[in-house]
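Student: My questions concern the predicted model and sequence given below.
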Amino acid sequence: MKNLKRVLAMVMVLAMSVGVLAACGGSKKKSNDFALVSKSTGNPYMEKQAEGFEEAVKEFGGNAVIKYPANPTAEDQIAMITELVSQGVAGIAIAANDYDALQPALSEAAKKGVKIISLDSAVNAASRMTHVNQADPVAIGVSLVEAAYDLTGGSGEFAILSATSTASNQNTWIENMKKTLEDPKYADLKLVKVAYGDDLRDKSVSETEALLATYPDLKCIVAPTTVGIAAAAKVITDNDLTDKIAITGLGLPSEMAEYMVEGGACPYMFLWNPIDVGYLAGHTLKAMVDEKSTGKAGDKFEAGRLGSMEVVDATSGDGGTEVLLGEPFKFDTANIDEWKTVY
Ligand code: RAM
(Lines give C-alpha, C1' and ligand atoms only; values in the text may rest on other atoms or scores of the structure.)
Protein backbone atom coordinates (compact mmCIF):
# COMPACT_ATOMS: atom_id res chain seq x y z
CA MET A 1 0.00 0.00 0.00
CA LYS A 2 2.79 2.37 1.00
CA ASN A 3 4.61 1.50 -2.23
CA LEU A 4 1.51 2.11 -4.30
CA LYS A 5 1.11 5.58 -2.76
CA ARG A 6 4.75 6.35 -3.49
CA VAL A 7 4.36 5.26 -7.13
CA LEU A 8 1.22 7.37 -7.49
CA ALA A 9 3.00 10.39 -6.04
CA MET A 10 5.89 9.92 -8.47
CA VAL A 11 3.51 9.64 -11.41
CA MET A 12 1.82 12.88 -10.33
CA VAL A 13 5.14 14.74 -10.05
CA LEU A 14 6.12 13.46 -13.50
CA ALA A 15 2.79 14.50 -15.02
CA MET A 16 3.11 17.97 -13.47
CA SER A 17 6.61 18.50 -14.80
CA VAL A 18 5.47 17.46 -18.31
CA GLY A 19 2.63 19.99 -17.96
CA VAL A 20 5.02 22.75 -16.85
CA LEU A 21 7.36 21.94 -19.75
CA ALA A 22 4.48 22.05 -22.22
CA ALA A 23 3.28 25.37 -20.78
CA CYS A 24 6.79 26.82 -21.20
CA GLY A 25 6.67 25.79 -24.83
CA GLY A 26 9.43 23.26 -24.30
CA SER A 27 7.38 20.55 -25.99
CA LYS A 28 4.71 22.61 -27.73
CA LYS A 29 2.47 20.26 -29.67
CA LYS A 30 2.89 20.70 -33.41
CA SER A 31 -0.38 21.27 -35.27
CA ASN A 32 -1.60 18.43 -37.42
CA ASP A 33 -4.10 20.60 -39.34
CA PHE A 34 -3.55 20.90 -43.10
CA ALA A 35 -5.71 23.54 -44.74
CA LEU A 36 -6.89 23.86 -48.33
CA VAL A 37 -8.32 27.17 -49.50
CA SER A 38 -10.24 26.79 -52.78
CA LYS A 39 -11.04 29.54 -55.29
CA SER A 40 -14.75 29.61 -54.42
CA THR A 41 -17.77 27.57 -53.45
CA GLY A 42 -20.11 25.89 -55.95
CA ASN A 43 -17.36 24.74 -58.33
CA PRO A 44 -17.32 20.92 -58.77
CA TYR A 45 -13.69 21.04 -59.93
CA MET A 46 -12.69 22.56 -56.59
CA GLU A 47 -14.66 19.83 -54.80
CA LYS A 48 -12.77 17.10 -56.68
CA GLN A 49 -9.49 18.78 -55.80
CA ALA A 50 -10.52 18.86 -52.14
CA GLU A 51 -11.41 15.16 -52.33
CA GLY A 52 -7.82 14.35 -53.35
CA PHE A 53 -6.37 16.66 -50.70
CA GLU A 54 -8.45 14.95 -47.99
CA GLU A 55 -7.37 11.53 -49.27
CA ALA A 56 -3.68 12.46 -48.90
CA VAL A 57 -4.08 14.08 -45.47
CA LYS A 58 -5.98 11.04 -44.21
CA GLU A 59 -3.21 8.79 -45.53
CA PHE A 60 -0.54 10.48 -43.40
CA GLY A 61 -2.79 10.83 -40.37
CA GLY A 62 -3.37 14.59 -40.51
CA ASN A 63 -6.53 16.61 -40.16
CA ALA A 64 -7.77 18.27 -43.37
CA VAL A 65 -9.42 21.68 -43.05
CA ILE A 66 -11.24 22.53 -46.29
CA LYS A 67 -12.33 26.11 -46.97
CA TYR A 68 -14.50 27.49 -49.77
CA PRO A 69 -14.76 31.29 -50.01
CA ALA A 70 -18.26 32.56 -50.83
CA ASN A 71 -16.84 34.70 -53.67
CA PRO A 72 -13.90 34.07 -56.05
CA THR A 73 -12.00 37.08 -54.69
CA ALA A 74 -8.69 37.82 -52.97
CA GLU A 75 -10.57 39.58 -50.14
CA ASP A 76 -12.50 36.44 -49.21
CA GLN A 77 -9.31 34.37 -49.29
CA ILE A 78 -7.40 36.88 -47.13
CA ALA A 79 -10.12 36.61 -44.46
CA MET A 80 -9.76 32.83 -44.54
CA ILE A 81 -5.96 32.88 -44.34
CA THR A 82 -6.14 35.14 -41.27
CA GLU A 83 -8.69 32.83 -39.66
CA LEU A 84 -6.60 29.71 -40.36
CA VAL A 85 -3.46 31.32 -38.95
CA SER A 86 -5.25 32.23 -35.73
CA GLN A 87 -6.46 28.62 -35.52
CA GLY A 88 -2.79 27.59 -35.67
CA VAL A 89 -2.81 25.29 -38.71
CA ALA A 90 0.48 23.68 -39.76
CA GLY A 91 0.16 24.56 -43.42
CA ILE A 92 -2.06 26.14 -46.07
CA ALA A 93 -2.44 25.12 -49.72
CA ILE A 94 -4.25 27.79 -51.72
CA ALA A 95 -5.77 27.99 -55.21
CA ALA A 96 -5.27 31.72 -55.58
CA ASN A 97 -7.80 34.23 -56.81
CA ASP A 98 -5.00 36.74 -57.31
CA TYR A 99 -1.28 36.36 -57.98
CA ASP A 100 0.00 39.30 -55.88
CA ALA A 101 -2.82 40.45 -53.60
CA LEU A 102 -2.46 37.59 -51.12
CA GLN A 103 1.21 38.31 -50.44
CA PRO A 104 0.84 40.38 -47.22
CA ALA A 105 -1.51 37.81 -45.62
CA LEU A 106 0.59 34.84 -46.72
CA SER A 107 3.91 36.42 -45.66
CA GLU A 108 2.41 37.13 -42.25
CA ALA A 109 1.28 33.49 -42.01
CA ALA A 110 4.73 32.24 -43.03
CA LYS A 111 6.35 34.47 -40.38
CA LYS A 112 4.23 32.66 -37.80
CA GLY A 113 5.60 29.31 -39.01
CA VAL A 114 2.69 28.28 -41.23
CA LYS A 115 3.95 26.51 -44.38
CA ILE A 116 2.44 27.91 -47.58
CA ILE A 117 2.06 26.36 -51.02
CA SER A 118 -0.26 27.17 -53.90
CA LEU A 119 -1.98 24.70 -56.18
CA ASP A 120 -3.98 25.06 -59.42
CA SER A 121 -3.68 28.86 -59.51
CA ALA A 122 -0.32 30.19 -58.30
CA VAL A 123 0.56 32.99 -55.91
CA ASN A 124 3.77 34.90 -56.65
CA ALA A 125 7.13 33.31 -55.89
CA ALA A 126 7.68 35.40 -52.75
CA SER A 127 4.39 34.19 -51.23
CA ARG A 128 4.86 30.43 -51.64
CA MET A 129 7.33 27.67 -50.84
CA THR A 130 6.34 25.92 -54.06
CA HIS A 131 3.36 25.52 -56.40
CA VAL A 132 1.54 22.34 -57.39
CA ASN A 133 1.03 22.76 -61.12
CA GLN A 134 -1.56 20.60 -62.87
CA ALA A 135 0.02 20.66 -66.35
CA ASP A 136 2.56 22.46 -68.51
CA PRO A 137 1.04 25.89 -69.29
CA VAL A 138 2.71 26.01 -72.71
CA ALA A 139 1.17 22.66 -73.67
CA ILE A 140 -2.23 23.96 -72.51
CA GLY A 141 -1.90 27.15 -74.59
CA VAL A 142 -0.83 25.25 -77.70
CA SER A 143 -3.56 22.57 -77.32
CA LEU A 144 -6.29 25.19 -76.96
CA VAL A 145 -5.21 27.26 -79.98
CA GLU A 146 -4.78 24.12 -82.08
CA ALA A 147 -8.32 23.09 -81.07
CA ALA A 148 -9.73 26.51 -82.09
CA TYR A 149 -7.84 26.21 -85.40
CA ASP A 150 -9.23 22.77 -86.04
CA LEU A 151 -12.82 23.52 -84.99
CA THR A 152 -13.03 26.74 -87.06
CA GLY A 153 -11.53 25.06 -90.12
CA GLY A 154 -8.42 27.21 -89.77
CA SER A 155 -9.97 30.66 -90.11
CA GLY A 156 -12.56 32.97 -88.62
CA GLU A 157 -13.50 34.44 -85.25
CA PHE A 158 -13.18 32.81 -81.87
CA ALA A 159 -13.49 34.09 -78.31
CA ILE A 160 -12.17 33.03 -74.93
CA LEU A 161 -14.53 32.68 -71.97
CA SER A 162 -12.33 32.70 -68.87
CA ALA A 163 -12.82 32.61 -65.10
CA THR A 164 -11.94 35.80 -63.12
CA SER A 165 -9.68 38.41 -64.70
CA THR A 166 -7.21 37.99 -61.79
CA ALA A 167 -6.93 34.17 -61.82
CA SER A 168 -3.25 33.46 -62.40
CA ASN A 169 -3.77 30.00 -63.90
CA GLN A 170 -6.22 31.18 -66.58
CA ASN A 171 -4.12 34.28 -67.24
CA THR A 172 -1.00 32.17 -67.80
CA TRP A 173 -2.87 29.88 -70.17
CA ILE A 174 -4.35 32.83 -72.10
CA GLU A 175 -0.90 34.41 -72.35
CA ASN A 176 0.41 31.15 -73.81
CA MET A 177 -2.53 31.02 -76.23
CA LYS A 178 -1.70 34.53 -77.43
CA LYS A 179 1.96 33.59 -77.91
CA THR A 180 0.93 30.52 -79.91
CA LEU A 181 -1.36 32.66 -82.08
CA GLU A 182 1.66 34.67 -83.22
CA ASP A 183 2.68 31.70 -85.39
CA PRO A 184 1.84 32.53 -89.06
CA LYS A 185 -0.04 29.22 -89.22
CA TYR A 186 -2.81 30.92 -87.24
CA ALA A 187 -2.86 34.19 -89.22
CA ASP A 188 -6.48 33.70 -90.30
CA LEU A 189 -7.70 32.83 -86.84
CA LYS A 190 -8.99 35.91 -85.03
CA LEU A 191 -9.33 36.16 -81.26
CA VAL A 192 -12.10 38.77 -80.94
CA LYS A 193 -12.58 38.91 -77.18
CA VAL A 194 -11.59 37.54 -73.79
CA ALA A 195 -14.71 37.48 -71.60
CA TYR A 196 -14.81 36.71 -67.86
CA GLY A 197 -17.53 34.56 -66.30
CA ASP A 198 -15.76 34.56 -62.88
CA ASP A 199 -16.29 30.79 -62.51
CA LEU A 200 -19.92 31.60 -61.70
CA ARG A 201 -22.50 29.64 -63.67
CA ASP A 202 -24.95 32.51 -64.24
CA LYS A 203 -22.30 35.06 -65.15
CA SER A 204 -20.69 32.56 -67.54
CA VAL A 205 -24.08 32.02 -69.21
CA SER A 206 -24.72 35.76 -69.62
CA GLU A 207 -21.17 36.37 -70.89
CA THR A 208 -21.69 33.62 -73.51
CA GLU A 209 -24.98 35.21 -74.56
CA ALA A 210 -23.23 38.58 -74.85
CA LEU A 211 -20.53 37.02 -77.08
CA LEU A 212 -23.21 35.57 -79.38
CA ALA A 213 -25.00 38.92 -79.60
CA THR A 214 -21.83 40.95 -80.25
CA TYR A 215 -20.08 38.56 -82.66
CA PRO A 216 -22.64 37.00 -85.02
CA ASP A 217 -19.85 35.34 -87.04
CA LEU A 218 -18.28 33.63 -84.03
CA LYS A 219 -17.25 30.04 -84.87
CA CYS A 220 -15.74 28.84 -81.61
CA ILE A 221 -15.57 29.60 -77.88
CA VAL A 222 -12.56 28.35 -75.92
CA ALA A 223 -13.26 28.24 -72.17
CA PRO A 224 -10.17 27.41 -70.06
CA THR A 225 -12.38 26.86 -67.02
CA THR A 226 -14.64 23.95 -66.13
CA VAL A 227 -17.45 26.29 -65.05
CA GLY A 228 -17.19 28.40 -68.21
CA ILE A 229 -17.05 25.51 -70.68
CA ALA A 230 -20.15 23.84 -69.19
CA ALA A 231 -22.09 27.13 -69.23
CA ALA A 232 -21.07 27.91 -72.83
CA ALA A 233 -21.97 24.40 -74.02
CA LYS A 234 -25.39 24.71 -72.40
CA VAL A 235 -26.13 28.06 -74.08
CA ILE A 236 -25.07 26.76 -77.50
CA THR A 237 -27.15 23.60 -77.05
CA ASP A 238 -30.24 25.40 -75.73
CA ASN A 239 -30.10 27.84 -78.66
CA ASP A 240 -29.65 25.12 -81.31
CA LEU A 241 -26.34 26.55 -82.41
CA THR A 242 -24.24 23.37 -82.31
CA ASP A 243 -23.74 23.33 -86.09
CA LYS A 244 -22.57 26.96 -86.08
CA ILE A 245 -20.41 27.34 -82.96
CA ALA A 246 -18.07 24.81 -81.37
CA ILE A 247 -17.15 24.83 -77.69
CA THR A 248 -13.82 23.58 -76.41
CA GLY A 249 -11.43 24.26 -73.52
CA LEU A 250 -10.87 22.66 -70.13
CA GLY A 251 -13.83 20.72 -68.79
CA LEU A 252 -14.84 18.11 -66.24
CA PRO A 253 -15.89 14.90 -68.05
CA SER A 254 -18.77 14.42 -65.58
CA GLU A 255 -20.23 17.81 -66.52
CA MET A 256 -19.41 17.73 -70.23
CA ALA A 257 -20.39 14.18 -71.26
CA GLU A 258 -23.88 15.29 -72.29
CA TYR A 259 -22.40 17.79 -74.79
CA MET A 260 -19.75 15.40 -76.11
CA VAL A 261 -21.97 13.32 -78.36
CA GLU A 262 -22.33 13.14 -82.16
CA GLY A 263 -23.42 16.65 -83.24
CA GLY A 264 -23.02 17.97 -79.68
CA ALA A 265 -21.70 21.40 -78.65
CA CYS A 266 -18.25 20.17 -77.58
CA PRO A 267 -16.41 17.79 -79.95
CA TYR A 268 -13.43 17.53 -77.61
CA MET A 269 -11.71 19.23 -74.68
CA PHE A 270 -8.78 18.83 -72.31
CA LEU A 271 -8.13 18.42 -68.59
CA TRP A 272 -6.05 16.52 -66.03
CA ASN A 273 -7.14 14.67 -62.93
CA PRO A 274 -8.25 17.29 -60.34
CA ILE A 275 -8.32 14.62 -57.61
CA ASP A 276 -4.61 14.01 -58.24
CA VAL A 277 -3.86 17.76 -58.10
CA GLY A 278 -5.40 17.95 -54.61
CA TYR A 279 -3.75 14.69 -53.56
CA LEU A 280 -0.32 15.89 -54.69
CA ALA A 281 -0.88 19.20 -52.87
CA GLY A 282 -1.64 17.32 -49.63
CA HIS A 283 1.61 15.38 -49.82
CA THR A 284 3.60 18.42 -50.94
CA LEU A 285 2.35 20.44 -47.98
CA LYS A 286 3.23 17.58 -45.63
CA ALA A 287 6.80 17.51 -47.03
CA MET A 288 7.09 21.25 -46.27
CA VAL A 289 5.63 20.90 -42.75
CA ASP A 290 7.98 18.01 -41.98
CA GLU A 291 10.87 20.05 -43.40
CA LYS A 292 11.72 17.32 -45.90
CA SER A 293 11.77 20.10 -48.48
CA THR A 294 12.08 23.86 -48.35
CA GLY A 295 10.51 24.12 -51.78
CA LYS A 296 13.78 24.59 -53.63
CA ALA A 297 14.43 23.04 -57.04
CA GLY A 298 15.97 19.60 -56.77
CA ASP A 299 14.22 18.64 -53.52
CA LYS A 300 12.55 15.22 -53.69
CA PHE A 301 9.78 13.78 -51.55
CA GLU A 302 7.34 10.88 -51.49
CA ALA A 303 3.78 11.60 -52.62
CA GLY A 304 1.88 8.43 -51.73
CA ARG A 305 0.40 6.65 -54.75
CA LEU A 306 2.05 9.18 -57.10
CA GLY A 307 5.48 7.99 -55.96
CA SER A 308 8.57 10.17 -55.71
CA MET A 309 8.11 13.79 -56.85
CA GLU A 310 10.69 16.47 -57.52
CA VAL A 311 10.53 20.22 -57.02
CA VAL A 312 11.57 22.02 -60.23
CA ASP A 313 11.83 25.59 -61.49
CA ALA A 314 8.33 26.85 -62.34
CA THR A 315 7.35 26.34 -65.99
CA SER A 316 5.73 29.79 -65.89
CA GLY A 317 9.24 31.20 -65.40
CA ASP A 318 8.14 33.37 -62.48
CA GLY A 319 11.32 32.70 -60.50
CA GLY A 320 9.62 30.33 -58.07
CA THR A 321 9.41 26.55 -58.05
CA GLU A 322 6.69 24.01 -58.68
CA VAL A 323 5.83 20.33 -58.56
CA LEU A 324 4.41 19.38 -61.95
CA LEU A 325 1.69 16.74 -62.24
CA GLY A 326 1.65 15.98 -65.96
CA GLU A 327 0.33 16.79 -69.42
CA PRO A 328 -3.17 17.94 -70.37
CA PHE A 329 -5.29 14.97 -71.47
CA LYS A 330 -7.69 15.05 -74.42
CA PHE A 331 -11.28 13.91 -73.94
CA ASP A 332 -13.45 13.17 -76.97
CA THR A 333 -16.56 11.22 -77.91
CA ALA A 334 -14.53 7.99 -77.98
CA ASN A 335 -13.23 8.10 -74.38
CA ILE A 336 -15.65 10.37 -72.50
CA ASP A 337 -17.80 7.49 -71.23
CA GLU A 338 -14.80 5.96 -69.47
CA TRP A 339 -14.11 9.19 -67.62
CA LYS A 340 -17.49 10.74 -66.86
CA THR A 341 -17.93 8.73 -63.68
CA VAL A 342 -14.38 9.34 -62.44
CA TYR A 343 -14.39 13.15 -62.15
C1 RAM B 1 -12.08 25.93 -63.02
C2 RAM B 1 -11.15 26.70 -62.13
C3 RAM B 1 -9.82 26.00 -61.92
C4 RAM B 1 -9.26 25.49 -63.23
C5 RAM B 1 -10.25 24.63 -63.95
C6 RAM B 1 -9.75 24.17 -65.28
O7 RAM B 1 -12.74 24.95 -62.31
O8 RAM B 1 -10.97 27.96 -62.66
O9 RAM B 1 -8.95 26.89 -61.32
O10 RAM B 1 -8.09 24.77 -63.00
O11 RAM B 1 -11.44 25.39 -64.15
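Tutor: All right, it came through fine.
Student: Just give the nearest non-adjacent residue to whichever residue of the stretch 1-150 of the chain sits closest to the ligand, would you?
Tutor: When scored by Cβ to the nearest ligand atom, the stretch 1-150 of the chain has residue 45 as its residue closest to the ligand, at 3.3 Å. All C-beta atoms are positioned from the backbone trio N, CA, C, and that covers glycine. In space, and not counting its chain neighbours, residue 45 is closest to residue 226: 4.3 Å by Cβ to Cβ, 6 or more residues apart in numbering.
Student: In contact with the one you found, which residues?
Tutor: 43, 44, 45, 250, 251, 252, 255, 271 (Cβ atoms under 8 Å, 6 or more residues apart in numbering).
Student: and these, which are buried?
Tutor: By neighbour count, with 16 or more other Cβ atoms under 10 Å, those hold 43, 45, 250, 251, 252, 255, 271 as buried.
Student: Enumerate the residues of the stretch 1-150 of the chain near the ligand.
Tutor: Within the stretch 1-150 of the chain, the residues that sit near the ligand (Cβ under 6 Å from any ligand atom) are 39, 43, 45, 95, 120, 121.
Student: Restricted to helices, list the residues you listed.
Tutor: With helices taken from DSSP state H, the overlap with those comprises residue 45.
Student: now the contacts of residue 226 as a markdown table including pLDDT?
Tutor: Putting these into a markdown table (pLDDT from 0 to 100) gives the following:
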| residue | pLDDT |
| --- | --- |
| 43 | 96 |
| 44 | 96 |
| 45 | 98 |
| 250 | 98 |
| 251 | 98 |
| 252 | 98 |
| 255 | 98 |
| 271 | 98 |
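Student: and which of those is nearest residue 244?
Tutor: residue 251 (19.8 Å; Cβ to Cβ).
Student: Check the gap between the closest one and residue 257 for me.
Tutor: 10 Å (Cβ to Cβ, to the nearest Å).
Student: try residue 319
Tutor: Using Cβ to Cβ, we find residue 319 at a distance of 40 Å from residue 257.
Student: Those two: which is more packed in?
Tutor: residue 257 (19 against 10; other Cβ atoms under 10 Å).
Student: who touches that one in this structure?
Tutor: 336, 337, 340.
Student: near the ligand, which residues of the stretch 201-343 of the chain show up?
Tutor: Residues of the stretch 201-343 of the chain lying close to the ligand (Cβ under 6 Å from any ligand atom) are 225, 226, 227, 250.
Student: again, only using 8 Å
Tutor: 224, 225, 226, 227, 228, 250, 251, 252, 271, 274, 277 (Cβ under 8 Å from any ligand atom).
Student: Can I get those in a markdown table including secondary structure?
Tutor: Below are these laid out as a markdown table (DSSP: H, G, I helix; E, B strand; the rest coil):
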| residue | secondary structure |
| --- | --- |
| 224 | coil |
| 225 | coil |
| 226 | helix |
| 227 | helix |
| 228 | helix |
| 250 | strand |
| 251 | coil |
| 252 | coil |
| 271 | strand |
| 274 | helix |
| 277 | helix |
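Student: What segments of the stretch 1-150 of the chain are strands?
Tutor: 33-37, 63-67, 91-94, 115-119, 130-135 (DSSP state E, counting those that start in this stretch).
Student: Output the ones you listed in CSV; the columns should cover mean pLDDT and mean neighbour count.
Tutor: Shown next, in CSV, are the strands of the stretch 1-150 of the chain (pLDDT from 0 to 100; neighbours: other Cβ atoms under 10 Å):
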stretch, mean pLDDT, mean neighbour count
strand 33-37, 98, 25
strand 63-67, 98, 18
strand 91-94, 98, 29
strand 115-119, 98, 27
strand 130-135, 98, 28
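Student: Would you mind saying which of the ones you listed lies nearest residue 190?
Tutor: That would be strand 130-135 among the strands of the stretch 1-150 of the chain, by Cβ to Cβ, at 26.4 Å.
Student: Can you check what angle separates the closest one from strand 115-119?
Tutor: If you take axes from the mean of the first three to the mean of the last three Cα atoms, to 10 degrees, strand 130-135 sits at 10 degrees to strand 115-119.
Student: Contacts for stretch 328-335, please.
Tutor: Residues from elsewhere that reach stretch 328-335 (Cβ under 8 Å, 6+ apart): 135-136, 139-140, 143, 250-251, 253, 256, 260-262, 264, 267-273, 339.
Student: how does it look with 6 Å?
Tutor: With contacts defined as Cβ atoms under 6 Å, 6 or more residues apart in numbering, stretch 328-335 is touched by 135, 139, 140, 143, 253, 260, 268, 269, 270.
Student: Please indicate which of these has the highest neighbour count?
Tutor: residue 269 (30 neighbours).
Student: wait, is that one part of a helix?
Tutor: No: Residue 269 sits outside any helix when classified using three-state DSSP, being strand.
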